[in-house]
Each structure stands twice: as C-alpha cells, then as structure tokens.
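Engineer: Just to be clear, the model below is a prediction. Sequence and coordinates:
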Amino acid sequence: MSDALRFLRTPSGAIGGGIVLFVVLVAALGPYLAPHDPTAPVGIPLTGSSSHAWLGTDFLGRDVLSRVLNGGRSVIGYAAAATVLAYLVGMAIGLIAGYTRSMVDPVLMRTVDVMLAFPPLLFLLVLIAGAGTSITVLIIGVAAIQAPAISRIVRTATLEVSTRGYVEAGIARGERAFAVVGREVLPNILAPVLVDAGLRFTYSILIIASVNFLGLGLQPPNSDWALMISENRTYIQLNAFSVLVPAAMIGLLTIGINLTGDAIARSLGRSYVPRTTRSVTS
Amino acid sequence: MTAAAEPRVVRRETSPVLAFLGRRLLGGLVALFVASILIFAALNVLPGDPASVILGRNATPQAEAVLTKRMQLDRPAAARYADWLGGFLHGDLGLSAVSLAQGQHETVWHQISGPLKNSAILAAIAALFMIPLSIGLGVIGPIYSGKAVDHAISILSLGAIALPEFVTGSLLIGVFFVGLDWLPPVAIVPPGANPLDNPSELVLPVLTLLFASLAAGVRMVRAGMTEVLQTEYVQTARLNGVAERRVLWRYALRNALAPSVQVLAQNLQWLIGGIIITESVFAYPGIGTALVNAVQNRDVTVVQSVAMLIAVVYVLLNLLADLVVMLLVPKLREPA
C-alpha cells in the first residue's frame, strides 16, 4: 500500500474510510437508484414501511427512500463548495502574508482574533438576517468564517518554507515571485494544509446542515438530509424513518470523516492536537 | 529568607495578574467593538433598504415611508450606529423593528428577557453536568491507559464530537420518545412559567447539549493528563513513594487542568452556539429560538441586540477562563 494510504491499515482509518465511501456513494449514485420522484407525492402522508415505499412516506406523502437517496448531494456538494471557496481566499491571503511579510500580516492576525471572539453560527445568522435566505449567502458566509484561520495556517507554513534554500535559489535565479510561490512554496506546504482541509470540510458540513435545519438555507421542496429532519420532526411518531434515516446519514458522514481524519493525523506521526486551542500566554 | 542581602531589581508596581487580565480585557473590548461594527453593517448597510426588507411582501411606498420615519432610517448610518451602541451600553436595546412595522412599540428587551432567562437556566444545567463530567471522564482514560475503559471513552467521544446537535437531538428523540416513550420530544414553556416546573422536558435538551460539548472537553482533559503523567515531576513523586491517589489529584490533575480550562471555556462557548440549534429541535422558548425567529422575520433590531449580547457573553467566558488559569498556574503569576 502506498505511503499516503497507510492510515487505512489502522482500525479507525479502515472503518472511517469505509463509512465515508458508503455515504459518498449513496450521495453520488442515489439519484440514479431512487425508485420515485423525490418531490412528487406517491401515497398517503406519513405511512410506515411498505413494499411500495420501503421507508414509508413523509409529511407530504413523498417517498422517504427516494428523498434520502437524493438528499446527500446538497449536503456534500455545498460543504465542498464552501470549503474550496474558503481555501481559494485563505490560501491567497496566507501566501501573500507569509511570503511578502507585508502589512497584510498584522491585519490578518487581528482579524482571526476578532473571529474567535464571535460564535460562527451567530455570524452566519446575522449575515442571513442582513442579506437574505439563500444558499449563495450560506456558502459565502461559511467560507468567510473559515478563510481567516486558513490564511493563518498557510501563512505560518509559508513563513517556514520561504527561508529554505530552494526558495532562495529560485529568487536568486531571478524567477518572479508568482513562479517561486507556485513552484517552490506551494508544493511544500501542501501536506499540513490537506489534513486541515479534511477537518474544515467536516465543519462546513456541520454548519451548513445546521443552518438548513433551521430553515434558513435551502428551501423546500429540495430534498436535503438536514431539511428532511426539520420538515418531518413534528411527525416523528407517525413515521420515524423520515427523521431517523437522514439523521443517521449525516451522523455516519461526519463520524466517518472524523475517524478518517484522526487516522490520517496519527499516520503522519503527529498526536491529535485540536486546532482551536490557543496558548495560555499568547 | 535573605531579603536584606542585596536590593533586587526594582519591583514593578502593577501585579502581573492584573496586567495580564487588563491586556485580555482590552483585547476583548476591541474585539467586541469590531464585532458591533460588523453586526451593524451586515444588518443595516448590506442589503440596501432595511425598511423594504422588514416589510417584505407588505411593502408599499407609503408603508416604507412610515417605517423609514419611525426607525429614523433617513438619518446617516453612522449616527444610527452610535445611537444603538450608546443605548446598548446603557441597557436600552431599542424597539423591535417588526413591531414598529406593525404600528406597535414593543421593546427588544420585552421580547428577549423571558427567553434569555430560559436559555440561562438550560445552559447552567448543562454546564453543571459538563464540567465535572469532562474532568472525571478525561482523567479516567489515561489512568487506565490501553484498557477497555480508555478505548470506550476515546471512541465514544470521537463519535460524539462529530455529530451536529440537531442530529443528536433527533436520534435521542427517536430512542427516548418514539422507542421507549419515557421522555417528551418537546420542551414547551408557557410565557412567564419557570422551565424547572417541568424537569422531564429538560432532560433531552440537556443531554443533547452535553453530548457534543462533553466529548470535546473529555478529549482535551485526556490529552493534558496523558502529557502530564509522563513528566519527570510525576515520576519523581512516584519514586519518592507519594501515594498514587495524591500523585494523580495533587500533582498531575492540577497541571493538566490549566490548558483544559481554556478548552472548557471554549466548550461553554460552544454550548452557546449549540443552544441555538438545540432550542429549535425541542421548540424550547429560549434566546436561540428568539434569534432564529427574528432572522426569519428580518427583525434587524432584535437580531443585532441578541447577537451583541451573545458576543459579550463569549468574551466574558474567555476572560473568566484566563482568570481561572492564572489561579491554577502559579508560574503565570510571577513577573515575566
């Protein structure tokens, strides 16, 4: 097995990786396997399991199984979009701050401090109250929450790498800053950044799903696991599947990613250090 | 004591504890000030015209003109910001924008004082369980390092930390209401009633809140304890024949707790974030539900005051953590 996949040999890595693969497959292939239209009623609302609808029907009589099979794409897709956006912005700022050691630096550090003084969910809710309920606002908001911390990590890694000989050699060869950063710095900071990206992806899933659950993100009749829980929870007694199956899917996904991330961090030889801790005396 | 031997370096007048806390307080105030600007800007500058946003579908030019006048939106944003912040500092949160749009004059405080009390009760109960439990469970793990207890605690906490509150809450309802029918799935408190009058309703919300925040706490205390147990002074104490119980509680735990206190404070902060979701899961009439309703109704004045209040509590928790850490670690109390 290649070095990068060594984590799969540990129990938590194998189990976590398997779970993540399962949920991702459900999300990716589910829409093609769904027996019914996820937005059309197929029977009486809130009936239990039957041969017609294996997981019963939801509060509008739609097939729960079909909605579960269709509801994973948005959970994973929007979280991925927010994480990628956060990284594009955070990477750019972090590289500039770390490489040029310019005025960006102190401004960046203070911004992160302010962000830490504010609950992320609250930041999102304020943003939504101001800019309106839409998935675009949600994705931009989640990216904005994460970008400062990402840029701080990238900055630290860049600062460290840019004193190395190969970077100085590039500069001495007269290469432009853009080329040096792209060819020398970027490849060498990738490892720590990738581990961090996994954690941030989980976080994006958690917070986007939470806002969707509150009814302040995706709107009905979208099929989304978080939205399904929110719409059907009043009727949980009538058809528990309509709430518990999407809840289990989200739970499996986030637990799976956490187990995998933990295993990867261990295989890279570092003990797990929660990245939110700050030192006492700083 | 050889105090008279030679004059030492002139002592600084201020105590290092006060200087440290003063720096932290100043930092917190700056963060709150920046936060207040961001909150106000997001709600008042971003979408353009708040009057038409608040009125939504009911917006007519006349209604907008009336609301603009009532909310004094014709004044410059900077002046309105100064008014809001000044009022906030004096405890005057202003009038609810939605009530103004309906021609009433309900104060923000009137809307949120009840929910604020309910949330405080819920959070206090959760914190009451969280702190001793996370210390207890965090300490047990490393003591039984490598045994089944240790593995069970670390796997459970790794799983629990990954679950969002609304999933935990839904699964708990699935087990304790749908499955066992032991506990009610909602925690509805009539206005003016005390949430403690009906304790069985509070069990599931508290469990939901505990689940995630407890897991994070346990992991941190555990990490600190593992590290401390490997230090030389712990080994020296053991070699000197100090009783194991004393080694654990007097030597190890005290030093393991210092970094953990920060994390516990962070967990209390997460509790505040978690409470917004948890209250929605159980329809509990707290500040989180009030905030979510206000966001849905675009009641900007309620949102900005609630957001600011939560930010203040956040910063206060950080300060409290700093203070406790100072008391736990004597080294920090000495001049640098």
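Structural biologist: Cool, the structure landed.

Engineer: and B:Ala311, how many residues sit next to it?
Structural biologist: Neighbour count of B:Ala311, defined by other CB atoms under 10 Å in any protein chain shown: 24. In this view, the C-beta of every residue, glycine as well, is placed from N, C-alpha and C.

Engineer: contacting residues for it?
Structural biologist: By CB atoms under 8 Å, 6 or more residues apart in numbering or on different chains, the contact set of B:Ala311 is A:Ala117, A:Phe118, A:Pro119, A:Leu122, B:Leu32, B:Ala35, B:Ser36, B:Ile39.

Engineer: Now list the buried members of the residues you listed.
Structural biologist: A:Ala117, A:Phe118, A:Pro119, A:Leu122, B:Leu32, B:Ala35, B:Ser36, B:Ile39 (16 or more other CB atoms under 10 Å in any protein chain shown).

Engineer: which bits of the stretch 101-250 of chain A sit near chain B?
Structural biologist: Neighbours of chain B within the stretch 101-250 of chain A, by CB under 8 Å from any CB of the partner chain: A:113-114, A:116-122, A:125-133, A:202, A:206, A:209-210, A:213-216, A:226, A:229-230, A:233, A:236-237, A:240, A:243-244, A:247-248, A:250.

Engineer: Mind giving me the PyMOL command for buried ones among these?
Structural biologist: Those of these that count as buried under 16+ other CB under 10 Å are selected in PyMOL with:
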select buried, chain A and resi 113+114+116+117+118+119+120+121+122+125+126+127+128+129+130+131+133+202+206+209+210+213+214+215+216+226+229+230+233+236+240+243+244+247+248+250
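
Engineer: tell me the pLDDT at residue 234?
Structural biologist: I'll assume chain A. On pLDDT, A:Thr234 comes in at 85.

Engineer: right idea, wrong chain: chain B
Structural biologist: Confidence for B:Val234, expressed as pLDDT, is 82.

Engineer: Confidence-wise, which helix or strand of chain A is lowest on average?
Structural biologist: Here the helix or strand of chain A ranked lowest by mean pLDDT, DSSP states H and E is helix A:104-116, holding a mean of 72.

Engineer: After that helix, which helix or strand is next?
Structural biologist: Note on helix A:104-116: by DSSP states H and E, the next helix or strand toward the C-terminus is helix A:120-131.

Engineer: Can you tell me how far the residue in the stretch 1-150 of chain B positioned nearest to chain A is from B:Tyr314?
Structural biologist: Minimum separation of the stretch 1-150 of chain B from chain A (CB to the nearest CB) falls at B:Ala31, amounting to 3.7 Å. According to CB to CB, to the nearest Å, B:Ala31 and B:Tyr314 sit 9 Å apart.

Engineer: Report pLDDT for residue 3.
Structural biologist: Defaulting to chain A. At A:Asp3, the pLDDT value in this model is 59.

Engineer: Can you look at chain B instead?
Structural biologist: 47.

Engineer: I'd assumed A:Val167 was in contact with A:Ala179.
Structural biologist: No: using CB atoms under 8 Å, A:Ala179 makes no contact with A:Val167, being 11.2 Å away.

Engineer: With neighbour numbers in mind, choose between these two.
Structural biologist: The residue with more neighbours, out of A:Ala179 and A:Val167, is A:Val167; 20 against 13, by other CB under 10 Å.

Engineer: Okay, and the residue most central in space within chain B sits in which element?
Structural biologist: By CA atoms, centre = their mean, the mean C-alpha position of chain B lies nearest to B:Gln269, the distance being 2.6 Å. Using DSSP H and E, B:Gln269 falls within helix B:253-281.

Engineer: Low-confidence stretches in chain B?
Structural biologist: B:1-14, B:46-50, B:57, B:259-260, B:262-263, B:329-336 (pLDDT under 70).

Engineer: And it, what are its domain boundaries?
Structural biologist: Annotated domains of chain B cover B:16-101, B:114-333 [automatic domain parsing].

Engineer: picking up where we left off before, would you mind listing the buried residues in the helix holding B:Gln269?
Structural biologist: Buried positions in helix B:253-281, judged by neighbour count with 16+ other CB under 10 Å: B:253, B:255-281.

Engineer: do stretch B:185-203 as well
Structural biologist: Of the residues in stretch B:185-203, B:Pro185, B:Ala187, B:Val189, B:Pro195, B:Glu201, B:Leu202, B:Val203 count as buried by neighbour count, 16+ other CB under 10 Å.

Engineer: Counting neighbours around each, name which of B:Ala31 and B:Tyr314 comes out higher.
Structural biologist: Shown here are B:Ala31 and B:Tyr314; by other CB under 10 Å, B:Tyr314 has more neighbours (24 against 21).

Engineer: Spatially nearest residue to that one, not counting backbone neighbours?
Structural biologist: Using CB to CB, 6 or more residues apart in numbering or on different chains and skipping the chain neighbours, the partner closest in space to B:Tyr314 is B:Gln269 (5.5 Å).

Engineer: can you map out the helices along chain A?
Structural biologist: For chain A, the helices defined by DSSP state H occupy A:11-33, A:64-70, A:72-100, A:104-116, A:120-131, A:135-161, A:165-172, A:177-180, A:186-213, A:225-232, A:241-267.

Engineer: Just list the residues touching the closest residue in space to A:Val20 that isn't next to it in sequence, thanks.
Structural biologist: For A:Val20, ignoring the flanking residues on the chain, the nearest one in space by CB to CB, 6+ apart is A:Gly256 at 4.0 Å. By CB under 8 Å, 6+ apart, the residues touching A:Gly256 are A:Ile15, A:Gly16, A:Gly17, A:Gly18, A:Ile19, A:Val20, A:Phe22, A:Val23.
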